[in-house]
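Sequence and computational prediction follow.
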There are 2 protein chains.
Amino acid sequence: MTLTQLEYTLAVAEVGNFTLAAEKCFVTQPTLSMQVQKLEDELGVKLFNRNTKPIGLTPIGSKILTQAKTIVEESKRMDDIVSMEKGEVKGEFKLGIIPTVMPTLLPMFLNNFIKKYPKVNLKIEDLNTSSIEEKLLGGRLDAGIAATPLENNKLIEKPLYYEPFVGYIPKSHPLSNLEFIEPIDIEELEILVLEDGHCFRNHVLKLCKTTTISKSFDLKSGSFETLVNLVNEGPWITILPYLQTLKMSSVDKANLRYFKDPEPAREISIVYNKSQLKLPIIEALSNQIEGIIRGAIKFDNIQLVAPK
Amino acid sequence: MTLTQLEYTLAVAEVGNFTLAAEKCFVTQPTLSMQVQKLEDELGVKLFNRNTKPIGLTPIGSKILTQAKTIVEESKRMDDIVSMEKGEVKGEFKLGIIPTVMPTLLPMFLNNFIKKYPKVNLKIEDLNTSSIEEKLLGGRLDAGIAATPLENNKLIEKPLYYEPFVGYIPKSHPLSNLEFIEPIDIEELEILVLEDGHCFRNHVLKLCKTTTISKSFDLKSGSFETLVNLVNEGPWITILPYLQTLKMSSVDKANLRYFKDPEPAREISIVYNKSQLKLPIIEALSNQIEGIIRGAIKFDNIQLVAPK
DNA sequence: AAATTTAATAAGAAAAATCTATAATTTTAA
DNA sequence: TTAAAATTATAGATTTTTCTTATTAAATTT
């Protein structure tokens, strides 16, 4: 049994086809077929059922493949251990980012990061907070960027920045006359928030000290753009995270009303597993983001709002 | 990186010497040296410090070797999965047995077992109950034989037999006149028990409803033989497990006094991890033991004494 | 039923793992 | 301190394994 055999076998199980699997492994189809056969011979069991359309696993095959997966995964960690110890910033890095941070933060650092660390193979995915926690614990994610504190003692949080909340209030609304707003000004009925599942929704609801939103309609949107457009057309207001307001048109910007000091804000952190593998990449990433944010957010006096 | 390279490297770390490691791996020394070098080259780090007398690991080497160990261990499980699924009784099997069971039980089944299942490579170790639990959870043991219930919900217990307790009372002692004894007859001061750490000690103390033994001397012995010899010479009595009494001399046997129905007894079980790998071996082993015990212990009416 | 896709087989080429022989180095002992 | 012994590294030959190309066989699609 060799690691190569296990990798080839996993590829077949994944794509359900010997020819494609061979491509994926950068070898010819006979090579891959023979290695899979050798493994089957050595173990003395058929792993695949070659008769079905996408090639299927035999019952014992699926148990063996599960084990093969853990062996291959453990063997891939070897490189991480070396990079870790050498302090090298390289290798695959799976990063999850919550949707209310992704569109504003990612463009700010991605380009520079991949130029500065070309050996890092970033895999970015948008995930809500609970998926991030779950995948981090399962080792299917190397780090996440989320609103904190999470109060999960199996994960490490390193705060990156504090992002103030900003009110978006159209001219037609009475609050528009105020120079600075306060949480107490806002009534639950008039505020539009993101659909359930976004922690930013919780932030806003918490800020306004209300637990349920009962309106004459039900809004399911995950985009701040939709919210802003709706607010422009109706009798409502909404609350945005600061970074979201930077790229707005100057017309929309006129509708922004900042909170009175101390400004309510959310804490955005990079979150990772206690195993601490890939620490060099995590540090490179967080330093880069912190550097960029220092130029974008001037935070003097903020009041933290928890996401949970 | 290949599994072979990892195995060779682990062997060097274990024996601290390339030449011996090569022998252990059934290859020549240059072969092993070159493979270790290839691994070092591929990872880009020196794993061993060749200058020290027994070859030592570099700091990064020791981290890599830890990972190598888990990879190799996981890959060895592959065969177990196959045997498991095929129901084959073969492969390495690490069994821990508590010291108060080992000397009586082992001779009863070992010879027959290795004849009947020559493909099983039994590794037997005497371990106290807590070591068994710990090693089972850590995967360093495949099964244990111990007094139960353990009340550990991460382990599975399968009772093998119930072993009554028997009093050993010299003629000089007043209790010697009774045909059957009862727990209530026994005073804590007159009973000799095994040293701390043996669960049989707990059994006996529990039976006699006493928690501490305060004597004019302190006995540290793990052997029933010592106990019996002491009892023969002094004003004390002791309690033995039934199987221990079978091979006694007829002189000593005359000092045995059985308990009145229901006889107090301990439960001896085979204990194993929930992962249930190696179930075929576990079943073969427990069937064999049960079969043999059926002939040795006729248990009618017993009263279970817990070990904890 | 013909064409296409997909997996298995065969035979040779390339790569690798291993061996024997030997050199270099370190350790031990005189 | 030097000679002998033990241990590791290197070199070249040999065997084994892996991989490729070419082809066959089987299954699926048209």
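Arrived safely.

Please point out which parts of the longest strand seen in chain A sit buried.
Secondary structure assigned by DSSP state E gives strand A:155-168 as the longest strand of chain A. If you call a residue buried by 16 or more other Cβ atoms under 10 Å in any protein chain shown, then strand A:155-168 has these buried ones: A:155, A:156, A:157, A:160, A:161, A:162, A:163, A:164, A:165, A:166, A:167, A:168. No exception for glycine: its C-beta is placed from N, CA and C like everyone else's.

In CSV: those, plus pLDDT and distance to residue A:303.
Formatted as CSV, the buried residues of strand A:155-168 follow (pLDDT from 0 to 100; distance: Cβ to Cβ, whole Å):
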residue, pLDDT, distance to residue A:303
A:155, 93, 24
A:156, 94, 25
A:157, 94, 19
A:160, 93, 18
A:161, 92, 15
A:162, 91, 10
A:163, 90, 12
A:164, 89, 9
A:165, 88, 10
A:166, 89, 14
A:167, 87, 15
A:168, 87, 19
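
Please name the nearest non-neighbouring residue to whichever residue of the stretch 151-300 of chain A sits closest to chain B.
Closest to chain B within the stretch 151-300 of chain A is residue A:277: 10.0 Å, counting by Cβ to the nearest Cβ. Among residues not flanking residue A:277 along the chain, residue A:80 sits closest, at 4.8 Å (Cβ to Cβ, 6 or more residues apart in numbering or on different chains).

Could you confirm whether the host helix or strand of the one you found reaches DNA strand D?
Per DSSP states H and E, residue A:80 falls inside helix A:59-86. No. With Cβ under 7 Å from any atom of the strand as the criterion, DNA strand D is not reached by helix A:59-86; the gap is at least 14.8 Å.

Compute the inter-axis angle for that helix and helix B:59-86.
180 degrees (axes from the mean of the first three to the mean of the last three Cα atoms, to 10 degrees).

buried residues in helix A:59-86?
In helix A:59-86, counting by 16+ other Cβ under 10 Å, buried: A:60-61, A:63-65, A:67-68, A:71-72, A:74-75, A:77-85.

per-residue confidence averaged over that helix?
Averaged across helix A:59-86, the pLDDT comes to 89.

That one and DNA strand C, any residue contact?
No. Contact between helix A:59-86 and DNA strand C is absent, the nearest approach being 12.9 Å (criterion: Cβ under 7 Å from any atom of the strand).

quick revisit: the longest strand of chain A pairs with which strands?
strand A:237-241 (antiparallel), strand A:256-258 (antiparallel), strand A:263-273 (antiparallel) (DSSP bridges).

Just send those back as CSV, with mean neighbour count and mean pLDDT too.
CSV is the format used below for the strands paired with strand A:155-168 (neighbours: other Cβ atoms under 10 Å in any protein chain shown; pLDDT from 0 to 100):
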stretch, mean neighbour count, mean pLDDT
strand A:237-241, 23, 85
strand A:256-258, 16, 89
strand A:263-273, 22, 91
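
In JSON lines: those strands, plus distance to residue B:149.
JSON lines is the format used below for the strands paired with strand A:155-168 (distance: least, Cβ to Cβ, whole Å):
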{"stretch": "strand A:237-241", "distance to residue B:149": "56"}
{"stretch": "strand A:256-258", "distance to residue B:149": "65"}
{"stretch": "strand A:263-273", "distance to residue B:149": "36"}
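
Could you give the backbone dihedrals for the residue lying closest to residue A:117 once chain neighbours are set aside?
Nearest non-adjacent residue to residue A:117, counting by Cβ to Cβ, 6+ apart: residue A:89, 4.8 Å away. Per-residue torsions, residue A:89: phi -110, psi 90 (degrees, to the nearest 10).

Thought residue A:118 was touching residue A:89, still the case?
No. Counting by Cβ atoms under 8 Å, residue A:89 does not reach residue A:118; the two are 9.7 Å apart.

what about the two, which has more around it?
The residue with more neighbours, out of residue A:89 and residue A:118, is residue A:89; 20 against 10, by other Cβ atoms under 10 Å in any protein chain shown.

contacting residues around the more buried one?
Residue A:89 makes contact with A:83, A:117, A:119, A:120, A:280, A:281, A:284 under the criterion Cβ atoms under 8 Å, 6 or more residues apart in numbering or on different chains.

what's the answer for residue A:109, then?
Residue A:109 neighbours (Cβ under 8 Å, 6+ apart): A:285, A:288, A:289, A:292.

Neighbour-wise, which one of those leads?
Result: residue A:285 is most packed of the contacts of residue A:109 (other Cβ under 10 Å), 24 neighbours.

Now do whichever helix or strand that one is part of and strand A:263-273, the angle between them.
Residue A:285 is part of helix A:279-296 when elements are defined by DSSP H and E. Relative orientation of helix A:279-296 versus strand A:263-273 (the same axes, to 10 degrees): 170 degrees.

just checking, what packs against the helix or strand just after helix A:279-296?
The helix or strand immediately downstream of helix A:279-296 is strand A:302-304, counting by DSSP H and E. Counting contacts by 3 or more Cβ pairs under 8 Å, 6 or more residues apart in numbering or on different chains; DSSP states H and E, strand A:302-304 packs against strand A:155-168, strand A:263-273.

Dump the ones you listed into CSV; add distance to residue A:229 as well.
As requested, the helices and strands packed on strand A:302-304 are exported to CSV (distance: least, Cβ to Cβ, whole Å):
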stretch, distance to residue A:229
strand A:155-168, 11
strand A:263-273, 23
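
who wins for proximity to residue A:20 among those?
Smallest distance to residue A:20 across the helices and strands packed on strand A:302-304 (Cβ to Cβ): 32.5 Å, for strand A:263-273.

so what's the closest residue to residue A:173 other than its chain neighbours up against?
Nearest residue to residue A:173 in three dimensions, chain neighbours excluded: residue A:237, at 5.8 Å (Cβ to Cβ, 6+ apart). Listed by Cβ under 8 Å, 6+ apart, the contact partners of residue A:237 are A:167, A:168, A:169, A:170, A:173, A:175, A:186, A:190, A:191, A:192, A:231.

got the residues you listed as CSV, with distance to DNA strand C and secondary structure columns?
Formatted as CSV, the contacts of residue A:237 follow (distance: Cβ to the nearest atom of the strand, whole Å; DSSP: H, G, I helix; E, B strand; the rest coil):
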residue, distance to DNA strand C, secondary structure
A:167, 57, strand
A:168, 52, strand
A:169, 58, coil
A:170, 56, coil
A:173, 60, coil
A:175, 62, helix
A:186, 59, coil
A:190, 57, helix
A:191, 54, strand
A:192, 49, strand
A:231, 51, helix
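
Turn those into a markdown table, columns for distance to residue B:32.
Below are the contacts of residue A:237 laid out as a markdown table (distance: Cβ to Cβ, whole Å):
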| residue | distance to residue B:32 |
| --- | --- |
| A:167 | 71 |
| A:168 | 69 |
| A:169 | 75 |
| A:170 | 77 |
| A:173 | 79 |
| A:175 | 78 |
| A:186 | 73 |
| A:190 | 76 |
| A:191 | 71 |
| A:192 | 69 |
| A:231 | 72 |
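
and the helix or strand hosting residue A:205, what other elements does it pack with?
Following DSSP H and E, one finds residue A:205 within helix A:199-207. With contacts taken as 3+ Cβ pairs under 8 Å, 6+ apart, helix A:199-207 sits against strand A:143-148, strand A:155-168, strand A:237-241, strand A:263-273.

JSON lines for these, including distance to residue B:259?
Formatted as JSON lines, the helices and strands packed on helix A:199-207 follow (distance: least, Cβ to Cβ, whole Å):
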{"stretch": "strand A:143-148", "distance to residue B:259": "63"}
{"stretch": "strand A:155-168", "distance to residue B:259": "56"}
{"stretch": "strand A:237-241", "distance to residue B:259": "76"}
{"stretch": "strand A:263-273", "distance to residue B:259": "56"}
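
Understood, closing this out.
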